[in-house]
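Enquirer: Please work out how this folds:
(2 chains)
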Amino acid sequence: MKALGLIIVALVGAILVYATIDFPPFGDPESPASLHVSPRYLEKTLEETAVPNAVTSVLADYRSFDTMFETTVIFCAGVACFLLLRVPRRRPPAPRQFRHRLTGLTFRIKDGGEFVLPVREFEPVDSIWTPYDLIIETICRYLIPFIQIFGLYVIAHGHYSPGGGFQGGVILGASIILLSVSHNLRTALKRMGEKTSALFSPLGVLIYTGTGVLCLVLGYNFLDYQALAALLPGGPIMARSHGIFLVEVGVGMAVMGTMVWIFKNLASRGRYDEGL
Amino acid sequence: MVIALLVIVCVVAGLLFFAGGTLGLLRFPDFYSRLHPAGKLDTMGALMVLLGLGLHQLFPLTLDSVLTGLKLMLILVFIFLASPTATHAIMDAGFRAGLEPWKKGDPRR
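Expert: The predicted structure follows:
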């Protein structure tokens, strides 16, 4: 079986290497890819879409249909992870042990007893509890807002600098994952619950397709953002720029929601009551 | 002229720190001691290089260059917060997992 796999891999590799012989030389200006559409995009992007960053305008305007389905693929990955991993939540028994945050002393409630002390100073020690570190917790608590602001900046600034919905969404999702890693899963679930993260990803796809349908309703082609000039100030060229922004927000939401969703399912093995 | 000299000194010192950190990462015997140069020298190297770059673009003194310098210093602050914390977290994880520190006479790990 192993030998068969090796033969298949070697064969496919040889075919790939054989196919690369037909490639145009690296950086060849005469290659088909750099003859037809690329120069047009590079030359016209500023006057047609008012977006200086050609990558963003190609991604979200000229080739937006492609990007729409990329976003859908991300959503599908989240759903697949959910369907494969998520198991119904077992009803966990009420926690019997409580740990005093400041002293680290753990108290156990006797059977039939009730917890009456101020809850803020105590934390329940159950299957979801993980040991934590004061330094990591504090630093992450101060850094996470800045990370999130930077994520929003990356989404909004995709028109002018490297960035955009995918990258910004990843940064936003990573901030929630950092919260989960540095504190515990319960804190992360409190900030962004399972339903919220699961809603964010289809909502992002909906914003993307909704922008397209809106253009269709206004009498233009699907995802032809010129149509938005009827609703937004600044004329048809600025409307294309604004349309790109709308779409990027959708992409960012989908990526953020999906990343957090997949992380939670993987980290807790689909149970949400144990693990990180 | 003086500024250019200062910039060169800063950046070269930063590169030296980076080189020392890499050397320590390669040469030190175990997990904990390797984290020491990775955490300390990289932070210091980044400090020197960013200081040099900030000085380099500060002149001629305009609002733009001051703002860029402030942004560079902001990066520094975040590196100073994040890098030691990350080192501490990795170290803590190794300690909790029960990895024994290296002692003199032990083989390299």
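Enquirer: Establish whether whichever strand or helix holds residue B:86 and chain A are in contact.
Expert: In this assignment (DSSP states H and E), residue B:86 forms part of helix B:63-96. Yes. Using CB under 8 Å from any CB of the partner chain, helix B:63-96 reaches chain A at B:78, B:81-82, B:85, B:88-89, B:92, B:96. Using the backbone N, CA and C atoms, a C-beta is placed for each residue, glycine as well.
Enquirer: nearest spatial neighbour of residue B:47, skipping sequence neighbours?
Expert: Once flanking residues are discounted, residue B:47 sits nearest to residue B:76: 6.1 Å by CB to CB, 6 or more residues apart in numbering or on different chains.
Enquirer: ok so residue A:124 is a strand residue?
Expert: Yes. Under DSSP: H, G, I helix; E, B strand; the rest coil, residue A:124 falls within a strand.
Enquirer: nearest residue to it other than its sequence neighbours?
Expert: Take residue A:124 and drop its neighbours on the chain: the residue closest to it by CB to CB, 6+ apart is residue A:95, 3.6 Å away.
Enquirer: From what I see, that neighbour and residue A:123 are in contact.
Expert: No. The criterion here is CB atoms under 8 Å, and residue A:95 misses it with residue A:123 at 9.1 Å.
Enquirer: Spell out which parts of the stretch 101-250 of chain A neighbour chain B.
Expert: A:131, A:133, A:135-136, A:139-140, A:142-143, A:146, A:182.
Enquirer: now with 10 Å?
Expert: Residues of the stretch 101-250 of chain A lying close to chain B (CB under 10 Å from any CB of the partner chain) are A:131-133, A:135-140, A:142-143, A:146-147, A:150, A:181-182.
Enquirer: which of the residues you listed count as buried?
Expert: Among those, those classed as buried by 16 or more other CB atoms under 10 Å in any protein chain shown are A:133, A:136, A:139-140, A:143, A:147, A:150, A:181-182.
Enquirer: And the strands in the stretch 1-150 of chain A?
Expert: With DSSP state E, counting those that start in this stretch as the criterion, the stretch 1-150 of chain A has strands at A:97-100, A:106-108, A:122-125.
Enquirer: JSON lines for these, including distance to residue A:19 and mean neighbour count?
Expert: Listed next are the strands of the stretch 1-150 of chain A as JSON lines, based on distance: least, CB to CB, whole Å; neighbours: other CB atoms under 10 Å in any protein chain shown:
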{"stretch": "strand A:97-100", "distance to residue A:19": "61", "mean neighbour count": "16"}
{"stretch": "strand A:106-108", "distance to residue A:19": "63", "mean neighbour count": "12"}
{"stretch": "strand A:122-125", "distance to residue A:19": "59", "mean neighbour count": "17"}
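Enquirer: Lowest mean pLDDT across those, which one is that?
Expert: The minimum mean pLDDT among the strands of the stretch 1-150 of chain A belongs to strand A:122-125 (a mean of 75).
Enquirer: Which residues outside it are in contact with it?
Expert: With contacts defined as CB atoms under 10 Å, 6 or more residues apart in numbering or on different chains, strand A:122-125 is touched by A:94-102, A:105-109, A:115, A:129, A:132, A:184, A:186.
Enquirer: ok, it: who's next to it in the sheet?
Expert: Strand A:122-125 has its sheet partners listed here by DSSP bridges as strand A:97-100 (antiparallel).
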